[in-house]
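**Student:** predicted model and sequence below, questions to follow.
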Amino acid sequence: MDAGFEKKFARYLSVFDMQEFDEAVLDYKQLEKHIGFLSQLAALENSSLGVVDLHKRRYVYMQSKYLPVLGLELEEVLKRGPRAIFEIMHPEDINGVIDTLVRGSEFLLSLPAGEKKDYKILYDFRLRAGTGEYVRFIQHIVPLELDSKGNIWLMLMVNDAVPPRGEDTSPQRKVINIKTGKQYLFLDEETESRSHLTKREIEILGLLSKGLASKQVADELSLSVNTVNNHRRNILEKTNAGNTAEAIRYALSLGLI
């Protein structure tokens, strides 16, 4: 990576310098419990999960079905850390990801200890696969464990591949209260362009996610079935999804519904 990246990455790492850990009081048995549970979850859900120890500043756990697709070895990523990921990230996404991590992390650290686990950082980016093509991912970052001082000690990362969007589409990023769904930061970037779902489309997709058919959605919203079906087609086109289930999963991963 070039010097410009190293400077930006150092800025991100410096965000956590305000936290002072006492290793003598860190209970690594809690880490073992989390890893045991996450390993089972990753196997059952076929998910991609990682845990970062902010005291040691390194990955302490990772289970990812996507590493072979990206041409990466697990040991390499655990050893080299985020740099292994940034090296295959789309050049146009790096600055936005660093900015999101810095501002999102500063927000989390500013919260009272009792509220830190209530929030997550969410953003998308593109990584170069072994084939040379780029795959878009959504990453959720959630405080997993605090130390006795209220410092964020362990951070959980959950990754999912999502349908590709237009190359001219700006990456999405949010900080969300998990309990209330309320969004913080980056609010001025919300738009209803062709690459984004409108409020009505999100409303319809939310009802579809509850198992309602088009006729039921139409009755619920006082719309014609034809209008609902038109919205469904638009939703599939904007999310580049092959069916409604894929579109629902995409919307859920972004915290839209």
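**Tutor:** Arrived safely, thanks for sending.
**Student:** CA only for contacts and neighbour counts going forward, please
**Tutor:** OK.
**Student:** just the helices in the stretch 151-257 of the chain please.
**Tutor:** 199-209, 214-221, 225-239, 244-253 (DSSP state H, counting those that start in this stretch).
**Student:** nearest to Ile35 among these would be which one?
**Tutor:** Among these, helix 244-253 comes nearest to Ile35, with 22.5 Å by CA to CA.
**Student:** quick one: list the elements packing against the closest one.
**Tutor:** helix 199-209, helix 225-239 (3 or more CA pairs under 8 Å, 6 or more residues apart in numbering; DSSP states H and E).
**Student:** can you put the helices of the stretch 151-257 of the chain in a markdown table and add mean neighbour count, mean pLDDT and distance to Thr180?
**Tutor:** Formatted as a markdown table, the helices of the stretch 151-257 of the chain follow (neighbours: other CA atoms under 10 Å; pLDDT from 0 to 100; distance: least, CA to CA, whole Å):
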| stretch | mean neighbour count | mean pLDDT | distance to Thr180 |
| --- | --- | --- | --- |
| helix 199-209 | 18 | 91 | 16 |
| helix 214-221 | 16 | 93 | 24 |
| helix 225-239 | 17 | 88 | 25 |
| helix 244-253 | 18 | 82 | 15 |
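**Student:** compare the ones you listed and report which one is nearest to Leu154.
**Tutor:** The closest of the helices of the stretch 151-257 of the chain to Leu154 is helix 244-253. By CA to CA, the value is 21.6 Å.
**Student:** can you name the residues in contact with the closest one?
**Tutor:** 138, 160, 162-163, 205-206, 208-209, 232, 235-236, 239-241, 257 (CA atoms under 8 Å, 6 or more residues apart in numbering).
**Student:** that one to helix 199-209, inter-axis angle?
**Tutor:** 110 degrees (axes from the mean of the first three to the mean of the last three CA atoms, to 10 degrees).
**Student:** CA atoms only: put helix 244-253 into CSV for me.
**Tutor:** Presented in CSV, the C-alpha positions along helix 244-253 are these (Å, rounded to 0.1, in the frame of the first residue of the first chain):
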residue,chain,number,x,y,z
THR,A,244,-38.0,-11.0,-3.8
ALA,A,245,-36.2,-13.2,-1.2
GLU,A,246,-32.8,-11.9,-2.4
ALA,A,247,-34.1,-8.3,-2.3
ILE,A,248,-35.4,-8.8,1.3
ARG,A,249,-32.1,-10.2,2.4
TYR,A,250,-30.3,-7.2,0.8
ALA,A,251,-32.6,-4.7,2.5
LEU,A,252,-32.2,-6.5,5.9
SER,A,253,-28.4,-6.5,5.6
